[in-house]
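> Here's my sequence, what's the structure:
(4 chains, ligands or ions: 6)
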Amino acid sequence: MQNRDFVIRFAGEGGQGLVTSADALARSAALAGYYVQTFSTFPSQIMGGPASSQVRISTSPVLSSGDEVDVLVALNQYAFDNHSGDLSENGVAVYDSSEYDLPEGGKYFGIKADELARSTGNARAANMVVIGAVANLINFSLEQIDGFIRERFTRGRPGDAAIIEANIKAVRLGAEVAETTGFSVGELAPPNPPDYKQIMITGNAAISLGALAAGVEFYVGYPISPATTILVWMETNLIGPGKLAYQVSSEIESINAVVGAGYAGKKAMTATAGPGLSLMSEGLGLAWMAEIPLVVVNVQRGGPATGLPTKSEQSDLFASMHPAHGDVRLPVIAPGSVEECFYAAALAINWAERYQGPVILMSEFQQAERGENIRAPDLGNLNVEERRVYTGANGFKRYESWTEGELTPMPLPGGPGAYVANGSEHDEIGDTTHLPRHHIRLTERRFRKLELLDDSPYELEDDEMDVVVMPWGSSKGVAREAYEALRSEGLELGWVYSMALNPLPAAVLESLRRKRLVIVPELNFQGQWSALLRMEGVRAESITQYTGTPFRPSDLASRIAARVSQELGEKVSV
Amino acid sequence: MQNRDFVIRFAGEGGQGLVTSADALARSAALAGYYVQTFSTFPSQIMGGPASSQVRISTSPVLSSGDEVDVLVALNQYAFDNHSGDLSENGVAVYDSSEYDLPEGGKYFGIKADELARSTGNARAANMVVIGAVANLINFSLEQIDGFIRERFTRGRPGDAAIIEANIKAVRLGAEVAETTGFSVGELAPPNPPDYKQIMITGNAAISLGALAAGVEFYVGYPISPATTILVWMETNLIGPGKLAYQVSSEIESINAVVGAGYAGKKAMTATAGPGLSLMSEGLGLAWMAEIPLVVVNVQRGGPATGLPTKSEQSDLFASMHPAHGDVRLPVIAPGSVEECFYAAALAINWAERYQGPVILMSEFQQAERGENIRAPDLGNLNVEERRVYTGANGFKRYESWTEGELTPMPLPGGPGAYVANGSEHDEIGDTTHLPRHHIRLTERRFRKLELLDDSPYELEDDEMDVVVMPWGSSKGVAREAYEALRSEGLELGWVYSMALNPLPAAVLESLRRKRLVIVPELNFQGQWSALLRMEGVRAESITQYTGTPFRPSDLASRIAARVSQELGEKVSV
Amino acid sequence: MNARNAEYDFKWCPGCGDFGVRRALEWALEARTSKYEVPFSNNVIVAGIGCSGNMVHLTEGEQPFGLHGIHGRTLPLAFGVKMARPELNTVIVAGDGDFLSIGAEHIGPQAQRNLDVTCVVMDNGVYGLTKGQSSPTTELGQVTSSTPHGKIETQMFPLKLFMTMGVTYIGSHYSSKPRQLAAMIEEAMDHRGFSIVHVQSPCTTYNDTYDLLKGNRRKGIPGLAWDIPADHDPTSRQAAVDLLERPGIPLGLVYKEEMPTLDDRQNEITERVKGKPVEEILESYAI
Amino acid sequence: MNARNAEYDFKWCPGCGDFGVRRALEWALEARTSKYEVPFSNNVIVAGIGCSGNMVHLTEGEQPFGLHGIHGRTLPLAFGVKMARPELNTVIVAGDGDFLSIGAEHIGPQAQRNLDVTCVVMDNGVYGLTKGQSSPTTELGQVTSSTPHGKIETQMFPLKLFMTMGVTYIGSHYSSKPRQLAAMIEEAMDHRGFSIVHVQSPCTTYNDTYDLLKGNRRKGIPGLAWDIPADHDPTSRQAAVDLLERPGIPLGLVYKEEMPTLDDRQNEITERVKGKPVEEILESYAI
Ligand SMILES: Cc1ncc(C[n+]2csc(CCOP(=O)(O)OP(=O)(O)O)c2C)c(N)n1
Ligand SMILES: Cc1ncc(C[n+]2csc(CCOP(=O)(O)OP(=O)(O)O)c2C)c(N)n1
Ligand code: SF4
Ligand code: SF4
Ligand SMILES: [Mg+2]
Ligand SMILES: [Mg+2]
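Ligands and ions are numbered 1, 2, ... in the order given. As a prediction, the model looks like this:
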């Protein structure tokens, strides 16, 4: 019998090239037409410390990092002790027998990767030895790995050929070791290669690429995990006349700089994590008040305060939607997959320009750095909105009342319609005022504008059901995996998903309000999204987890099933 | 027929001594045994600009600044035009006829206060001339004003007698002018002097006094309206060994400084307004995470951003309860009167010590600066809680799990039990960790501790009613006035009030959840408190106002009545 | 009162130094715009929060663009404006509390970048708008509403700080000399790089320093301010440093240095490094 | 690995300068505590966020109290600790990013107050914990992960900044000389006032400056660091200023000045102004 998917995990210490190994295997599989998803976890430090990196290889698109591990590569005793418990029934562990030894008789075997690598003449090929062993265990054809090796090491340098040969040899040596043990975890079914063009990318890179495709021209940021890779990406790629990517001195400088740039006419963006978001509170309130387009990406991690810098959590929702004092409610877009990250970034830029204000894009640690092979976006058909710029005579009233239709255009410095973009309450031309009528009409203007943001993608399935599950953001994939499992078991459960959390598409809100129970799986303690839904008159309830790690599909499925039957059980007994 | 109360308003430009006049009249009336409440409004600037200051004088405790004006003193044309509309049916206006003139025949008369004052030999007595005129109009005995004059100007200086005489003369001169006009707005009923000791104080002074009485020893702040007066009060009164009141360089320094002081063992406090609160987000998250006792007073003004610095609004509730990223939900205490300000401050200090964390005390512009004569607090019977300090041996686990009973004590630097107060997730002794089990148990510890805060005062009246009104914070008084009016008309309406918004007393939440409709009058656009109540499963709905000014009792009463009859009308038709 | 808005209700107190600074700024902007024949709308005023910051609503005649943000953030806002649109003449108006206390963190970075903006700092040694608390330039021992027993923190010397931080144009002036002040502001705007015009602008209500600055014979007050001698070489760092060691408050151009601006350096990168089109970047992820 | 906590999972990279700084700090704390016969728990370490800040969890032997807050706020936290409990020996450990970038705003105020705390700043010219971005002390033109085309902002000179801001004890040292460093930290803690020990503490992973500092004959690298000559008079401001004009990185005591601390001045007020008991204050509101 053949398997739909396998999870291979490399565990050891940070700095041992765990990520490289997982990526190599992932890319080999992707090249072969499989769907892959990688996932890494490591402490907030530079070297050492327990870390692991895994890849899930499947014949269909991967929705989560899975439940169990089929092949565990444990580079030290601690890693073995901590991860072997995750092994599936017929899972096998491979350990570095030059590092430590294990008693006879378990479903594991040792391998001296470094030694074997040296024997190929290339000591750096150790991870290829291991990958060879892994490939053998899942009956993954070595030739497909060779393809990857050729791609990776063909760099137009004299030594290329030798390196390629050594690595290919290393794979064979590893495979032989595994072969001799007689272990096998099964056989990966042949791939169903997608009929569309693919890219292999991480969530943060997808966000960056989406923003660039939507025309972002101004990016500033201050380093912070897990958002730093967006800063680095922009520094590398946002180059050219009229463009700027820059590291500033703090998040307070970041937010105010994008306010200045947005005011001056640029599509401006910054990215941060929770602590930075908290520091941006006042500046976000300014952008809302003065009506300045800009995008803030919040790549969530564990909180509060410095919290858990390299862990998974979705606990910044309250802070993202209501970041500042006063009456403020920011648009929030929370992509639920690596692919959505690209489109969410483009939508965020478009929304900022359309409603002339700040937009929050929420991602999350594990979605930020995990790699996936996804459908390559069609840049030609991407909707990109440009700012409506005021071109009339002077004396324009930028802050006049507004109720419907396209928003009044924005004057730009250097052009006509000079006004004051003002963080104090103001009159039509932006001069400070304390008159009630201005505060009334502009408060209403600031909130009414949100109605312009009505085009975010959403999913309503089995809408006739009384009970639905509604994940948000990075928990979408795992919730979907659980949902499909439960549906295939015939559970009465509907599916609701919206990439935008504020404003919610009217159809979604309308459907939710009809439900008897809306189950929200989310990675926080307070059940933040279900709480916000209850604010909107929805009977929502959360299934929470606050471990710093993502949900496991099977755990989540059973928790949902339990809650549903409890609910419907009651119904019957009524 | 005699009147229960009168509203006298002085309107003109900032810097014309409007506040002094209102205060003088208020104090005279208070000395005479009446209940008074003053209220001022002025733009955010130093001199000039439309401003007004009023006093409401009553035979019973004053709940709001009232609906209409009985006597308007208008020092310039703009003031007259803007305020004469507020005059009650038989209200009278007094204007400065050396400044401008009004056509014959209205219910107003001019007075040349400066001239008359000079004639008394004391040009500074102009406001006393006006007060004399006002007194005459409401048949308020001049002798009672004399009493105030003697009190005010007896300063042990040689000139005292002459000044007193001149002022007494001035009052008479003003009264004569009014007398000759024949105008009268009625007669103030004789006072019912309270049988208890009184003090005349503003909300911000009451907060400061309450904090001092509860043992605050460390205060830092950065100037910001309307919280600056607390900083100035502390600089003046928080003096002595081991005490410090200090102006720091920003709100970010404020919040971190109180974290440091709270950690080191002091009862520490700071006060700010919205913009400062936003800047404190990250620091508040740190205090929550590291479990450091401290109090932040947020004297609300209009928002967002710089907003309306000298206007009334209650729009910082979301930001105060969930100020930072991550799972955080701070205790929030929102006093509903000047008197409550005193006790709220003491309770906030006690709560911070008891649950070892940050507490937010929310007041609001109009409650901050308005003066009231209230029952003098009995310091002897004030409950003051001291921190439980760890005294055992080293190796104490400050951050062990906790579920019930008194919270584990806190080690203090210099004493036993050295640990690390940590803003990253940590183990029992405060060392950084990424292990799920610590994040789980400490997240639960941080939230469970809130259960210790169960002793805030609350009010439940006519609890059998299906529909209740539940104001919060500074809207309590005006809502109460409206409620009493509606009840006296026989409207079916209950009353719920809690000084603490988080955590809500169990009895209050239990009662609210039983209600068919909870009407929340609040000064913001989003209806923030009713939204938070809906989060808790309460059928709450707001009556909002976002004008920068407080509710008027009659407006509010009719809006409540309308909503109630709509609701109960439906009920009948069911 | 600003002609643009009859209802605009902010006023400075009689005698406030900011009146003179406003006049000077207006003159400088007019001179500059006619000199370069650019539209007046090329001028952007980024204002701090304080009495001084309200200047953005009080300028008369043709109106520049304005950005009146939040307390202490004029520099990051101006950084955004300038690096988004280098062709705009970006001017900051702020008080000593806004620029030197809560906003102090932002001066160093702009100096290290030599960001091409001009800052007009109105120093009155007090927090005016909040009614008279101490500011970084308030003297040690001075009594204010927030230091009723005397300030116990030594005073900051902004000009020295600007020198050390590497500000490339440092001017010091006085609100009562609007003509000269206007000339200096204009020169500062012409300077390619980070320029600060530090203005003594007394607060008649909470810290009236007119006598202290000018001196007052009758009251026997010497006068702190002195004109920088004509022979001072503002291009010499050493000369500038020595100048600032002298007591009192020098009026005039303290220091001026030519150095590449941030946008010069950014342009250098733009020319040296060819940015890839988004299609090409996308392709680099293809499998 | 910290003996206190087997599970504690932070480690510095091999060769990280912070190892030497930790040793020096441990020695200094031990020396001080035995010298004054105070309990070890009188020491409070306020740590920044960065590789360097993790030191608070890594000290061996008897443990001080620790406060490991948020990025860039060590000084305000220490202000709170010190002014609440002046008898505590309050020491800050932070990196160049934490102390000089996001936290830079807090240095000036503490200097003006002469707050009696000691700062040990580990300068490695890079953001280590976030994997190698540029910091204020990164050189102009240097390539880092956040400046792939070279840094286009000039570098900050912390020692000069400290001088201008009025820091009363300024030491400069090097992580590879733990014994001397320990002596300097101890001296800085003894100094009554605001003391900063600025330590060159190389980041072997992202900015290995060992050769640059020490020099390396083989590679023909002259060393940047030089010992401050014995004849330097650290009590002379002028001498200190001149010293800092010389190229390279001076190692040793740059400047030391005696001046009343903030708590001295606060105590003066406490003695001069008699605070009223709360009952009396309450009475003043009576009618
Ligand atoms: C974050 C924040 N904190 C505090 C304030 C209150 N505030 C308004 S103006 C001001 C200081 C004014 O002093 P300065 O900058 O010197 O300007 P001036 O009024 O003296 O011209 C302060 C503290 C605010 N608006 N925002
Ligand atoms: C508000 C905030 N912004 C950003 C970060 C991310 N961050 C952690 S450490 C660090 C800088 C580390 O550099 P440095 O202070 O020099 O310490 P080092 O690691 O080099 O010792 C940053 C930016 C954070 N934790 N909090
Ligand atoms: S308070 Fe001072 S600074 Fe403000 S307007 Fe009046 S005089 Fe000017
Ligand atoms: S990254 Fe650099 S600073 Fe951080 S531990 Fe490693 S060597 Fe030390
Ligand atoms: Mg000022
Ligand atoms: Mg560093």
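
> C-alpha only now, for contacts and for neighbours.
Will do.

> What residue, apart from its backbone neighbours, is nearest C:Gln112 spatially?
D:Thr154 (4.9 Å; C-alpha to C-alpha, 6 or more residues apart in numbering or on different chains).

> Pull the number of nearby residues for that neighbour.
D:Thr154 has 19 neighbours, counted by other C-alpha atoms under 10 Å in any protein chain shown.

> That one should be in a strand, yeah?
No. Using DSSP: H, G, I helix; E, B strand; the rest coil, the assignment for D:Thr154 is coil, not a strand.

> Do I have it right that A:Ile374 meets A:Asp195?
No. Assessed by C-alpha atoms under 8 Å, A:Ile374 is found out of contact with A:Asp195, at 11.7 Å.

> between the two, which one's more packed in?
Neighbour totals were compared for A:Ile374 and A:Asp195, and A:Ile374 leads with 26 against 8 (other C-alpha under 10 Å).

> Who does the more buried one form a beta bridge with?
With DSSP bridges as the criterion, A:Ile374 is bridged to A:Ile199.

> Give me the distance between it and A:Gln37.
Going from A:Ile374 to A:Gln37 by C-alpha to C-alpha, to the nearest Å gives 10 Å.

> ok, then the element right after the helix ranked longest in chain C?
Longest helix of chain C, by residue count under DSSP state H: helix C:18-36. For helix C:18-36, the following helix or strand on the C-terminal side (DSSP states H and E) is strand C:43-47.

> buried stuff in stretch C:270-282?
For stretch C:270-282, the neighbour count (16 or more other C-alpha atoms under 10 Å in any protein chain shown) marks C:Thr270, C:Gly275, C:Val278, C:Leu282 as buried.

> swap in stretch C:223-232?
C:Gly223, C:Leu224, C:Ala225, C:Ile228.

> quick check, stretch C:182-194 touching chain D?
No. Contact between stretch C:182-194 and chain D is absent, the nearest approach being 12.6 Å (criterion: C-alpha under 8 Å from any C-alpha of the partner chain).

> Just the mean pLDDT for that stretch, thanks.
Per-residue pLDDT values over stretch C:182-194 give a mean of 98.

> how about low-confidence regions in the chain?
Looking at chain A here, since you left the chain open. Across chain A, the ranges flagged by pLDDT under 70 are A:1, A:43-48, A:570-574.

> The intended chain is chain C.
Along chain C, segments meeting pLDDT under 70 span C:1-9.

> Mind jotting down where the strands sit in the stretch 1-150 of chain C?
Remark: strands assigned in the stretch 1-150 of chain C by DSSP state E, counting those that start in this stretch are C:43-47, C:65-68, C:89-95, C:118-123, C:126-127, C:133-134.

> ok, residues contacting the fifth one?
Defining contact as C-alpha atoms under 8 Å, 6 or more residues apart in numbering or on different chains, one finds that strand C:126-127 is touched by C:Gly50, C:Asp96, C:Gly97, C:Gly132, C:Gln133, C:Ser134, C:Ser135, C:Thr137, C:Thr138, C:Cys203, C:Tyr206, C:Asn207.

> Close to ligand 5 as well: tell me which of the residues you listed qualify.
Restricting the contacts of strand C:126-127 to those adjacent to ligand 5 (criterion: C-alpha under 5 Å from the ion) gives C:Asp96.

> Buried residues in the longest helix of chain C, which are they?
Result for helix C:18-36 [16+ other C-alpha under 10 Å]: buried residues C:18-29, C:32-33.

> need the residues you listed in JSON lines with distance to D:Gly66, can you?
Output for the buried residues of helix C:18-36, formatted as JSON lines (distance: C-alpha to C-alpha, whole Å):
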{"residue": "C:Asp18", "distance to D:Gly66": "47"}
{"residue": "C:Phe19", "distance to D:Gly66": "51"}
{"residue": "C:Gly20", "distance to D:Gly66": "52"}
{"residue": "C:Val21", "distance to D:Gly66": "49"}
{"residue": "C:Arg22", "distance to D:Gly66": "51"}
{"residue": "C:Arg23", "distance to D:Gly66": "54"}
{"residue": "C:Ala24", "distance to D:Gly66": "53"}
{"residue": "C:Leu25", "distance to D:Gly66": "51"}
{"residue": "C:Glu26", "distance to D:Gly66": "54"}
{"residue": "C:Trp27", "distance to D:Gly66": "56"}
{"residue": "C:Ala28", "distance to D:Gly66": "54"}
{"residue": "C:Leu29", "distance to D:Gly66": "54"}
{"residue": "C:Arg32", "distance to D:Gly66": "56"}
{"residue": "C:Thr33", "distance to D:Gly66": "57"}
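
> so what's residue 282 closest to, chain neighbours aside?
You didn't pick a chain, so chain A it is. B:Ser278 (5.2 Å).

> my bad, chain C
Counting by C-alpha to C-alpha, 6+ apart, C:Leu282 lies nearest to A:Leu209, which is 7.4 Å off, once chain neighbours are set aside.

> And A:Val94, by the same measure?
A:Val73 (4.7 Å).

> Tell me if I'm right that that neighbour and A:Leu18 touch.
No. A:Val73 lies out of contact with A:Leu18 (C-alpha under 8 Å); the separation is 9.4 Å.

> shared neighbours, these two?
The contact sets of A:Val73 and A:Leu18 overlap at A:Phe10, A:Ala11 (C-alpha under 8 Å, 6+ apart).

> who has more neighbours, those two?
Ranked by neighbour count (other C-alpha under 10 Å), A:Val73 and A:Leu18 place A:Val73 first, with 31 against 22.

> dump the residue contacts of the more buried one.
By C-alpha under 8 Å, 6+ apart, the residues touching A:Val73 are A:Ile8, A:Arg9, A:Phe10, A:Ala11, A:Ala93, A:Val94, A:Tyr95, A:Val130.

> how much distance is there from the longest helix of chain C to the middle of the chain?
Mean-position distance between helix C:18-36 and its chain equals 14 Å (C-alpha atoms, centre = their mean, to the nearest Å).

> can that helix be found next to chain B?
No. Judged by C-alpha under 8 Å from any C-alpha, helix C:18-36 makes no contact with chain B; its nearest approach is 13.3 Å.

> Now do that helix: everything it contacts.
C:12, C:39-40, C:43, C:52, C:55, C:58-60, C:122, C:175-179, C:181-183, C:185-186, C:199, C:201-202.

> Just the buried subset of the residues you listed, please.
C:12, C:40, C:43, C:52, C:55, C:58-60, C:122, C:175-176, C:178-179, C:181-183, C:185-186, C:199, C:201-202.

> Out of the residues you listed, which sit inside helices?
C:Pro178, C:Arg179, C:Leu181, C:Ala182, C:Ala183, C:Ile185, C:Glu186.
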